[in-house]
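Q: Output the structure for:
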Amino acid sequence: MNFTLHLTADCNLACRYCYETHSKRLMTPETAMRAVDLALSFGHEKNGFSLFGGEPMLERGAVETVVSYAWEKANASGTTVRFKMTTNGTLLDEPFLRFANEHSLEIALSHDGLLQDVQRVTRDGSPTSARLEPIVDLLLSYQPNAVAMQTVMPSTVDRMAESVEWLYQRGFSRINTAIDYRPDAGWDDASMAVLAEQYARIADLCDRHFDDARPLSYLNFMSKIAAYLNDRPCLECKLGMRQPSVAPDGKIYPCNQFLDIPDYCMGDVIRGIDREKQLAFYHASLDPEPDCEGCAIADRCRHHCACLNFSLTGHMHEVAPVQCEHERILIPIADDLAARLYDRKSARFLLNYQDDPLD
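A: A predicted model of the protein is given here:
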């Protein structure tokens with residue numbers, strides 16, 4: 001079973017593209033431990049928890065408490081448990097990273113590369129890149145495969161590829177880029193054209209470094225390539241089933257973007273999950289998206305994600321135009337990269353995809 005625990009709604013930064021409403025709402029350790037008890041009560045052999053904010057490291061004590069508690073309970077029952085946490089990194093230190101490695105806590109760092117000081121600033125507008133320099137070294141020394149999570153806005157998209165290359169040269173092998181999906185972000189035809197150019201440059205970068213001793217794994221491309229070559233559709237949403245979200249007050253919702261909307265509450269950590277509501281949300285998410293009928297890439301894009309659709313349009317099955325255009329740009333470039341790697345018989349590519357349907 002996998003739960004997302006919203007430990008805090010507070011943050012110590014004021015990123016230019018942040019869509020969250022920050023507040024002092026906190027999840028108590030008692031609520032977090034009840035969430036762990038509930039997740040483990042389903043009896044699954046493998047369990048996972050995503051520790052979410054705001055900035056979760058503002059509640060470092062709660063992070064350590066819930067991780068230690070879940071770790072001990074899982075070990076006692078003969079099951080396994082893993083943890084994920086995305087952080088801005090400003091509060092990481094060596095004792096915490098040692099604790100993370102001892103307890104299978106995988107850390108992803110929100111870092112925008114060369115765009116960091118433009119986009120990710122403190123509440124008083126101060127830059128953060130210099131503050132993160134020693135922390136990046138420390139994180140990569142403990143978790144060499146830590147993911148760098150980059151975000152770009154229309155005003156900064158022209159430096160996306162340059163920033164990905166900077167992150168790679170800085171030591172990150174696994175990099176993911178998200179675009180600023182906010183409805184008022186300002187994407188237009190011109191900025192989307194620049195986005196396409198930048199993705200093409202990143203594909204060239206991946207081609208150059210794919211078989212290096214430290215290969216570049218650009219997750220935006222890798223997920224699309226894997227979905228095609230393994231003959232499976234883009235990851236099914238499974239709303240309410242795959243990753244329920246627990247709010248700071250202990251109420252449970254089908255996914256992050258439905259948090260605190262009363263109509264989507266499907267239980268709490270004391271009474272458990274209302275199975276009837278959970279199944280209703282899941283089955284509702286399976287309805288087709290009318291605008292996507294007949295689309296050639298429908299099986300490979302994120303149009304199916306009810307959570308993302310809801311957050312952008314207010315409807316589970318209404319896809320935002322910017323999301324549609326993004327996928328139409330991304331998928332052909334990922335396919336071209338795969339074809340290039342196959343044609344030049346990339347050792348790493350062929351090792352991962354032995355039964356290649358491109359043959």
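Q: okay, CA-based contacts and neighbour counts for the rest of this
A: Will do.
Q: what about residue 159, distance to residue 169?
A: 15 Å (C-alpha to C-alpha, to the nearest Å).
Q: between these two, who's got more neighbours?
A: residue 159 (16 against 11; other C-alpha atoms under 10 Å).
Q: Got the phi and psi for residue 174?
A: phi -110, psi 120 (degrees, to the nearest 10).
Q: pretty sure it contacts residue 143?
A: No: assessed by C-alpha atoms under 8 Å, residue 174 is found out of contact with residue 143, at 11.3 Å.
Q: Touching whichever strand or helix holds residue 167 from outside, list them.
A: Taking DSSP states H and E as the definition, one finds residue 167 inside helix 160-170. Residues outside helix 160-170 that contact it (C-alpha atoms under 8 Å, 6 or more residues apart in numbering) are 112-115, 148, 152, 175, 198-199, 201-202, 205, 216.
Q: Please indicate which of those residues has the highest neighbour count?
A: residue 148 (26 neighbours).
Q: And stretch 137-154, what's buried?
A: 138-140, 143, 145-154 (16 or more other C-alpha atoms under 10 Å).
Q: what does stretch 260-274 give?
A: For stretch 260-274, using 16+ other C-alpha under 10 Å, the buried residues are 260, 264, 265, 266, 267, 268, 269, 272, 273.
Q: Could you do stretch 67-83 as well?
A: Per 16+ other C-alpha under 10 Å, stretch 67-83 contains these buried residues: 67, 68, 69, 70, 71, 73, 74, 80, 81, 82, 83.
Q: pLDDT value on the second one, please?
A: Note for residue 68: predicted pLDDT of 98.
Q: and if you look at the fifth one?
A: At residue 71, the predicted lDDT confidence score is 97.
Q: Quick check: what element follows the helix or strand where residue 83 lies along the chain?
A: Assigned by DSSP H and E, residue 83 falls within strand 80-87. Next in sequence after strand 80-87, counting helices and strands by DSSP H and E, comes helix 94-102.
Q: Return the list of strands paired to the following helix or strand past that following helix, each annotated with direction.
A: For helix 94-102, the following helix or strand on the C-terminal side (DSSP H and E) is strand 105-110. Partners of strand 105-110 in the sheet, by DSSP bridges, are strand 80-87 (parallel), strand 147-152 (parallel).
Q: Which two of the buried residues of stretch 67-83 have the greatest separation?
A: 73 and 83 (13.9 Å; C-alpha to C-alpha).
Q: Sketch out the low-pLDDT regions of the stretch 151-300 of the chain for me.
A: 230-236 (pLDDT under 70).
Q: Show me where this protein has its helices.
A: For the chain, the helices defined by DSSP state H cover 29-41, 60-77, 94-102, 116-119, 129-142, 160-170, 189-209, 219-229, 275-285, 306-313, 321-343, 347-352.
Q: and the longest one, what does it pack onto?
A: It refers to helix 321-343. helix 189-209, helix 219-229, helix 347-352 (3 or more C-alpha pairs under 8 Å, 6 or more residues apart in numbering; DSSP states H and E).
Q: Tell me which of the ones you listed approaches residue 286 most closely.
A: helix 219-229 (19.1 Å).
Q: Many thanks, we can stop here.
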